[in-house]
Structure formats: C-alpha cells, structure tokens
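# sharing a model prediction with you, sequence too.
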Amino acid sequence: MENKGNFGNAASTPAARERPTLKTIAFMTGLGVTTVSRALKDAPDIGAETKERVRMVARQLGYQPNRAGVRLRTGKTNVIALVLSIDEEIMGFSSQMVFGISEVLSGTPYHIVITPHSHSKDPMLPVRYILDTGSADGVIISRIEPDDPRVRLLSERGMPFATHGRTDAGLTHPFHDFDNEAFAHKAVEKLVKRGRRRIALLQPPSKLTYYAHIRIGFQTGLHDYGAEEVPLRINTDAPLADIRDVVEVMMRSANAPDGIVCSAGSAAIAVNAGIEAAGKALGRDLDMVSKQSVPILNWIRPEIITAQEDVRHAGREMAKAVIARIDGVEPELLQSVSQPTWPESGR
C-alpha cells in the first residue's frame, strides 16, 4: 500500500519531473536499482509479481532505457538506421516503408532512426557517417545500383544491412525487391489487349538496378505482343514539371504513342497532366499503366490502369532481414522479391 501511495504522488516528486531512470523506478517501487534492472530484463530469479509492478511503474513514468548506457554495457545501440532519399517522399512511398519497418521493430529492442539525404548529393556520406560514428547496429538503404559502393562498404565493414532493391556485381546480401520485370511485361500485355500498339515507357534513371529489370520486361512484352516502342526521353527522377512538358510535346507530335507505361506513381500525375495539356484524354486517345505504392491514382484518373507495389510489406521484409543478419543468419537466406498486384479495375 505504501508503494501505491508513492506512485500516486509521482507527478509531484522531483524524480518524476526529470527523465525517468532506473533510480526513479526504484524510488517509486521501494526496490533496489539492481532488482529493477533485472526485473525489466525478465530475469528468472525475479518474481512475476515484482516484474509486473516494475513494468507498470515504468510504463506510467514513460521510462526508456538510456541508449548511451546500453551501448556502454553491451556495445549495441539498438538502432536501425534507414537511409532514405528525401526525394522519395511523395504519394506516401517513404512513409509506407517507415510504417512497415516500425511494425516489425515494435516487438524488438530496436528503434528506427531516419537518416535523410538527397539523391543529387553523394550517397556515400550518410553511410560513412553511420559507420564512422557507430551510431547503428544495422542499416537499410534504397535506390540500389548494380555495383553499389554503399553495399560494398557496408559488407567490407561487417555492418548488418538490407537493401530495397538488388545489386548485380556478385555480392550476396539481404534484400527485398519488387518484380519490375514482371510489372513492365504485364503492363504491355494490358495495353495491347486494349488495342494499343505504339507504347512509350517512362523509366527510372539508368544508374539504378531496376532500370534494367523494367527495360527487359518492357522489351520482352513488346516482342511477345507485337507492339513497338515510342521513345520518351526523360526519366522518373526529373522534376514533375519537366515530365509534364516533355509528355505534352510528345503527345502533340505526329509520333504520339497510344499507350504509356509509367514506372513511378508520382510521375504518372505529371504524365496525365501532359496528356491533358496536349488536348488528349486517357481511355479515348491512349491508355496508361502505372505502378503505385498507395491507391491514389484512380482517385485522380479512374482510367489509369494500376499495379500495386506494397512498400509497407517491403519495409517489413527489410526490417526482419536486417535483424536476422544482426543475429548471424546467412545473407542468402534473407532475400525476397514481391509481385505486383493488379486490382480488378486494372484487369
């Protein structure tokens, strides 16, 4: 009863007004600091009633382990660093990835720390910072290149990591990827089934690995279904206004396509704007297929044929992979590829 009385006055105690520590919990429960620490670690020699009392007080106080202290004792930070391009935060792409990672980490001692960067700057900088400061136990990176120097450096330094996308340089590492080859091939099939034969592709920049996957799927689809490519000389990294302008010029030309495959959901908005600026309309003059990470495109234009890329699932898979790698699981067992899903309206 005395302990409950102390807890009831917690808000007025000097200890409670500061960041709660093991000493704070010990004061509130009447237990020793060592007992509190062992209770929070679920030590077998501490009784169940004591553990529950300590955990209840810790929850009420909002106690979080001091990361510096944890690092001194264990050599671990309990941090997973997500190196994320700020240019990707559009139409929920990066937020969906963060949600997925957080869903997995919520049941573990690990926390996610986002390290933002711009893909127009040196992509090695954030990775070198994490390695040089020892500020994370594991790393997740995206926008992967065929021979990605970040992957090589992380491998050489022995840092557990996972990537959103694959490399193509003989390095075995954990990854989760989307089957862009299957997406592009199916996209061409859907357009041809609607009578479209002259098809343009808005592709990713050629430096990224999935550029080759998209190109292979697209070209194989053109061959398999008897269609031809209309060149579109811009990629998804270009500013949306530039994509809109280039598409408008293309759609006003005598060589205008009657089908477009778009490899990024955000860029599809700019493509549609260019089509409309040229006085053309989807579903009448041409059709477009685009992938998306959140179901928004059909709100804007129901005529867009969409494929879903589950980026939240990708986040979950990468979080599981990097934790498993920290625990010593071999990297070849931590590789996965998800397939595009096509809503009923997109069939």
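Nice, thanks for sending it over.
# next one, pLDDT for R53 please.
We have a pLDDT of 90 for R53.
# and the helix or strand encompassing it, which residues are buried?
Here R53 sits within helix 48-61, counting by DSSP states H and E. Under the neighbour-count criterion of 16 or more other C-beta atoms under 10 Å, helix 48-61 has 51, 53-54, 57-58, 61 buried. Backbone N, C-alpha and C define where each C-beta goes, glycine included.
# with stretch 230-250 instead?
Quick answer for stretch 230-250 (16+ other C-beta under 10 Å): 230, 232, 234-238, 240, 243-248, 250.
# for stretch 205-212, same thing?
208-211.
# check stretch 295-308 too.
Within stretch 295-308, the residues that qualify as buried are 297, 301, 303-308, counting by 16+ other C-beta under 10 Å.
# swap in stretch 102-115?
102, 104-105, 110-112, 115.
# just give me the closest of those residues to V188.
Distance to V188 across the buried residues of stretch 102-115 (C-beta to C-beta) is lowest for V104, with 35.0 Å.
# okay, P44: pLDDT?
Note for P44: predicted pLDDT of 79.
# burial measure for it, as a count.
Neighbour count for P44, taken as other C-beta atoms under 10 Å: 5.
# quick check, it in a strand?
No - in this structure, P44 is coil, not part of a strand, as judged by DSSP: H, G, I helix; E, B strand; the rest coil.
# ok, it to R38 distance?
Distance of P44 to R38, given as C-beta to C-beta, to the nearest Å: 9 Å.
# let's see which of the buried residues of stretch 102-115 end up in helices.
Among those, DSSP state H puts 102, 104-105 in helices.
# could you dump those into TSV and include pLDDT?
Output for those, formatted as TSV (pLDDT from 0 to 100):
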residue	pLDDT
S102	95
V104	95
L105	93
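# domain assignment for this structure?
Split into domains by automatic domain parsing, the chain comes to 2-64, 73-177+312-339, 180-308.
# give me the number of residues near the residue lying closest to R53 once chain neighbours are set aside?
In space, and not counting its chain neighbours, R53 is closest to T29: 5.9 Å by C-beta to C-beta, 6 or more residues apart in numbering. Under the neighbour criterion other C-beta under 10 Å, T29 is assigned a count of 20.
# now do L22
L22 has 22 nearby residues by other C-beta under 10 Å.
# same check on P257?
Counted by other C-beta under 10 Å, the residues lying close to P257 total 27.
# which element is it on?
Counting by DSSP H and E, P257 is found in no helix or strand.
# end to end, how far does stretch 174-181 reach?
20 Å (C-alpha to C-alpha, to the nearest Å).
# which stretches of the stretch 1-150 of the chain have low pLDDT?
Low-confidence segments of the stretch 1-150 of the chain (pLDDT under 70): 1-18, 65-75, 87-92, 119-120.
# rerun at 80
Along the stretch 1-150 of the chain, segments meeting pLDDT under 80 span 1-19, 37, 40-44, 62-75, 86-93, 107, 118-121.
# now stretch 22-40: buried residues?
For stretch 22-40, burial by neighbour count (16+ other C-beta under 10 Å) applies to 22, 24-29, 31, 35-40.
# thought L22 was touching G32, still the case?
No - under the criterion of C-beta atoms under 8 Å, G32 is not in contact with L22, lying 9.7 Å apart.
# and the spatially most central residue of the chain, how far from P331?
By C-alpha atoms, centre = their mean, the chain has its centre lying nearest to M97, at 3.2 Å. Applying C-beta to C-beta, the value for M97 to P331 is 20 Å.
# do E181 as well
Counting by C-beta to C-beta, the gap from E181 to P331 is 22 Å.
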